[in-house]
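**Student:** Quick one: sequence and predicted model below, then my questions.
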2 protein chains.
Amino acid sequence: QSLNNTKSNDDQILEILEKLKKVYQKKILPVEQEYEFEHFNTSSLTPADISSKPMILLIGQYSVVSFELGKTTFIKHLLGKEYQGCNIGPEPTTDKFFAIEGVALNSEPKIIPGNAAGVDTSLPYSSLEFGQNFLNRFQVSQISSSILDSITLIDTPGILSGEKQTRNYDFNGVIEWFAERADMILIIFDAHKLDISDEFKAVINNIKKNDEKIKVVLNKADQVNSQQLMRVYGALMWSLGKVLATPEVPRVYIGSFWDEPLRFNDFETLLVAEQRDLLKDIRQLPRMGMIRKINDIIKRARLAKVHAIIISHLKSNMPGFFGKKDKQQELLLNLEQEFHKIEQIFHISRGDFPDVTKFKERLTYFKIDKFNKLDKNLLAKIDEALNETLPQLLKLFPQNATSNEGINLNLE
Amino acid sequence: QSLNNTKSNDDQILEILEKLKKVYQKKILPVEQEYEFEHFNTSSLTPADISSKPMILLIGQYSVVSFELGKTTFIKHLLGKEYQGCNIGPEPTTDKFFAIEGVALNSEPKIIPGNAAGVDTSLPYSSLEFGQNFLNRFQVSQISSSILDSITLIDTPGILSGEKQTRNYDFNGVIEWFAERADMILIIFDAHKLDISDEFKAVINNIKKNDEKIKVVLNKADQVNSQQLMRVYGALMWSLGKVLATPEVPRVYIGSFWDEPLRFNDFETLLVAEQRDLLKDIRQLPRMGMIRKINDIIKRARLAKVHAIIISHLKSNMPGFFGKKDKQQELLLNLEQEFHKIEQIFHISRGDFPDVTKFKERLTYFKIDKFNKLDKNLLAKIDEALNETLPQLLKLFPQNATSNEGINLNLE
Ligand SMILES: Nc1ncnc2c1ncn2[C@@H]1O[C@H](COP(=O)(O)OP(=O)(O)OP(=O)(O)O)[C@@H](O)[C@H]1O
Ligand SMILES: Nc1ncnc2c1ncn2[C@@H]1O[C@H](COP(=O)(O)OP(=O)(O)OP(=O)(O)O)[C@@H](O)[C@H]1O
Ligand SMILES: [Mg+2]
Ligand SMILES: [Mg+2]
């Protein structure tokens, strides 16, 4: 149950991360900068963006019947210890968002208050812009634990239901921010006291554009007997299917994720296997996150290359001395046609082109003439990244089966 | 697992049935006949209608991946033997509808072909009017078995999917006919090869107005290991919730309903308990059916009484000699107002009145004047049935908990 055996795995990940940063820095970023790519697309990536660890977001609800899902206990169980600032108990306890991050072995645990974390550019929270009231309820808790070498956990306050909804910041917005960035979203339910409030449904509804990341934990499964567990689990799936509305069924881990012995043990085999699978799937996250990261960078590099070709093509159409303004006007007006030309000259597939309207709008802020001609050197570098370095990095990750596979289903 | 211990129970049911027939015959039917109630409502009940046994309808699908749900095997398991005409095997086997009815102990098993069964008024199939092609594929199989003393089972051909839909009669119509009359609808799925085809969804969709009768059997649950069973069961509930769309979750019995030993036995405790519950719930059916029957007759008697009051009130407004036609015309025109008057004079609640438009339409076929005045004697009889006899019969059925209760859920 310890994650220690992932150590060499983590080292490999760290190594690849360094390579990835270097490829990006040396072979992709120069093209982006040469042709002002970030003004046409999202900001260029910082080293912190590339090396940020995969995040697991934990959410669950409070309510009259179940204010004790065991989210924080679950985290303690994963870490093998309590994190700084954590609070476990039968009353609503966690009243803050906690980012639980790893630090080097034997370092002292450390707390960074939300206000400080929000301005620290070495941390990935600078765009968490939900105001003072939120930052007062946000905290980064750094602690050394082997599982945190490769992931970051986000503990959240339970989602209130009914009239108790009195938070003075945009709770749903914050959840959405984390859901966007998380690699896994764990929705926790209590088998002992299953409840899905309307407020909770609204939150799930809000994050369902990230539905491929959603996994479900049916916790405290040993607190009921096998028939009751089946009823509860069936009812949960019945209701979740209606809220999530996708045909794909999310993975549900059924277990009792804490350090105590089982109460009812009819299902011991199942609960042990489920626990093992959850840990296995969490261990996969850095790899999966890595694959996603490399893929994202490949996508970005391809777009940056096409961007460079478009801009330099337009530049090559500019006159030597006079009529620059008119020519820019004309090019902007016939941009659609120019795209067609580029498509043919450079054999670029239509799908890799930016949206014409948006591109045109952005281009009005620049003087085409001021851009440089196509730098063959730069282009050769980005091609090398696209055709060699990045695919080589990807090849280091053989596709692993996840714990949900190998079952005979034919439901859609 | 035998149902023999329900014998005295069955005797009590038979006794009550006899009383119910008598009450209806002596105290309710005379009022219905006196005021032609069946022409304004559904046909008067025959003794066969009242004493028909509760029916369990079994449905399931064929498909490339699962043509062997084990419906017929399930029935064999319930009966303790095979019924006449049954066919069990890995190929699509049951190609007919079978009504499996009980006969007295030690009588020879007997088959009544569909064509004969359809015209036999002592059987409840005379309104199964789906043509010759259907009747050729319908059969009543009579056999002595203790469970059949109190219920009738309907075995059906598997629901085809895709192009194989080549039946030459209204299959969905037939399923609907049985679903209307059944007291329990068992939808059977195969845990080993779960599949829900579009055709099967359409059938479920068709019977969902009877959703309170729908129960689900997840059969062959021992053919997969505990984690696979959980995935399959979860996926089933996920999909069923979307097809059925009700907030209430139907009871799902998870088990292996045949006489062979379990293959995987991680879940032995569960499977044994589920099997026990299903048998218990089937045993409850005659009682539940009885309660429903008495309630239906109470409802019918109340409507028949109001009907008698309305007709005789209208009759009392008719002139002695002349202008009968005009008066009938006038009464029909002002029927709404007359209803209001009756409401006040007789203290009848609005909800017990028939639909004005429909009532008016029906009344045009009759001469109001030809009806008799209110027969105080008849009315006293129906009141006695409503206020004494029927409530007394109902009191013989204390509400029993079903096997789905006692679980802490809060999902809507
Ligand atoms: N697997 C488990 N089985 C049974 N009880 C558990 C389990 N995990 C935690 N608990 C109990 O549930 C209670 C609440 O636990 P915890 O504080 O971890 O919940 P939480 O979801 O973090 O609550 P909050 O939303 O208030 O932060 C505690 O009393 C804990 O002992
Ligand atoms: N509980 C069970 N576990 C495993 N196998 C079973 C079980 N019940 C039945 N079977 C097998 O499944 C096959 C099909 O059974 P059966 O003929 O009863 O299915 P059916 O649903 O009636 O099919 P059809 O729709 O063709 O009438 C048979 O080979 C039988 O032995
Ligand atoms: Mg907590
Ligand atoms: Mg069959």
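**Tutor:** Looks like it arrived, so ask away. Ligands and ions are numbered 1, 2, ... in the order given.
**Student:** got a pLDDT number for A:G162?
**Tutor:** We have a pLDDT of 64 for A:G162.
**Student:** oh sorry, the question was meant for A:L79
**Tutor:** As predicted, A:L79 sits at a pLDDT of 89.
**Student:** ranges for the strands of chain A?
**Tutor:** A:55-59, A:97-102, A:110-113, A:138-143, A:152-155, A:184-190, A:194-195, A:214-219, A:252-254, A:409-410 (DSSP state E).
**Student:** Those strands into JSON lines, with extra columns for mean pLDDT?
**Tutor:** Output for those, formatted as JSON lines (pLDDT from 0 to 100):
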{"stretch": "strand A:55-59", "mean pLDDT": "95"}
{"stretch": "strand A:97-102", "mean pLDDT": "94"}
{"stretch": "strand A:110-113", "mean pLDDT": "92"}
{"stretch": "strand A:138-143", "mean pLDDT": "94"}
{"stretch": "strand A:152-155", "mean pLDDT": "94"}
{"stretch": "strand A:184-190", "mean pLDDT": "93"}
{"stretch": "strand A:194-195", "mean pLDDT": "82"}
{"stretch": "strand A:214-219", "mean pLDDT": "95"}
{"stretch": "strand A:252-254", "mean pLDDT": "97"}
{"stretch": "strand A:409-410", "mean pLDDT": "50"}
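**Student:** Quick check: which of the ones you listed is nearest to ligand 4?
**Tutor:** Closest approach to ligand 4 among these is made by strand A:409-410 (20.6 Å; Cβ to the ion). C-beta: built from backbone N, CA, C; applies to glycine.
**Student:** A:K376: neighbour count?
**Tutor:** Using other Cβ atoms under 10 Å in any protein chain shown, A:K376 has 8 other residues around it.
**Student:** roughly how far apart are it and ligand 1?
**Tutor:** Remark: distance between A:K376 and ligand 1 (Cβ to the nearest ligand atom, to the nearest Å) = 58 Å.
**Student:** List the contacts of that residue.
**Tutor:** Under the criterion of Cβ atoms under 8 Å, 6 or more residues apart in numbering or on different chains, A:K376 has no contact partners.
**Student:** now it: how far from A:F359?
**Tutor:** Distance, A:K376 to A:F359, by Cβ to Cβ, to the nearest Å: 23 Å.
**Student:** could you point out where chain A is predicted with low confidence?
**Tutor:** Low-confidence segments of chain A (pLDDT under 70): A:1-10, A:63-69, A:89-94, A:161-166, A:398-412.
**Student:** do that again at 80, thanks
**Tutor:** In the predicted model of chain A, residues A:1-11, A:43, A:48, A:62-70, A:85-95, A:159-166, A:245, A:397-412 satisfy pLDDT under 80.
**Student:** So in it, which helix runs the longest?
**Tutor:** In chain A, assigned by DSSP state H, the helix with the most residues is helix A:268-316.
**Student:** What is that one packed up against?
**Tutor:** The contact analysis (3 or more Cβ pairs under 8 Å, 6 or more residues apart in numbering or on different chains; DSSP states H and E) places helix A:268-316 against helix A:7-23, helix A:29-34, strand A:184-190, strand A:252-254, helix A:335-346, helix A:376-384, helix A:390-395, helix B:226-244.
**Student:** Please compute how far that helix lies from its chain's middle.
**Tutor:** 9 Å (Cα atoms, centre = their mean, to the nearest Å).
**Student:** Whether it contacts ligand 1 - can you check?
**Tutor:** No: using Cβ under 6 Å from any ligand atom, we find that helix A:268-316 stays clear of ligand 1, coming within 10.0 Å at best.
**Student:** and that helix with helix B:226-244, angle?
**Tutor:** Calculated by axes from the mean of the first three to the mean of the last three Cα atoms, to 10 degrees, helix A:268-316 forms an angle of 70 degrees with helix B:226-244.
**Student:** Nearest spatial neighbour of the closest residue to ligand 2 within the stretch 101-250 of chain A, chain-adjacent residues omitted?
**Tutor:** As assessed by Cβ to the nearest ligand atom, ligand 2 sits closest to A:M230 within the stretch 101-250 of chain A, at 17.4 Å. Excluding its sequence neighbours, the residue lying closest to A:M230 (Cβ to Cβ, 6 or more residues apart in numbering or on different chains) is B:I254, at 6.1 Å.
**Student:** And for A:P30?
**Tutor:** Once flanking residues are discounted, A:P30 sits nearest to A:L378: 5.6 Å by Cβ to Cβ, 6+ apart.
**Student:** Could you pick out the residues of the stretch 151-300 of chain A near ligand 1 for me?
**Tutor:** Counting by Cβ under 6 Å from any ligand atom, the stretch 151-300 of chain A sits next to ligand 1 at A:P157, A:G158, A:N219, A:K220, A:Q223, A:S256, A:F257, A:W258.
**Student:** same thing but 8 Å
**Tutor:** Where the stretch 151-300 of chain A comes near ligand 1, counting by Cβ under 8 Å from any ligand atom, the residues are A:155-158, A:188, A:192, A:219-220, A:222-223, A:255-258, A:260, A:263.
**Student:** Against chain B, which of the residues you listed make the cut? List them.
**Tutor:** A:H192 (Cβ under 8 Å from any Cβ of the partner chain).
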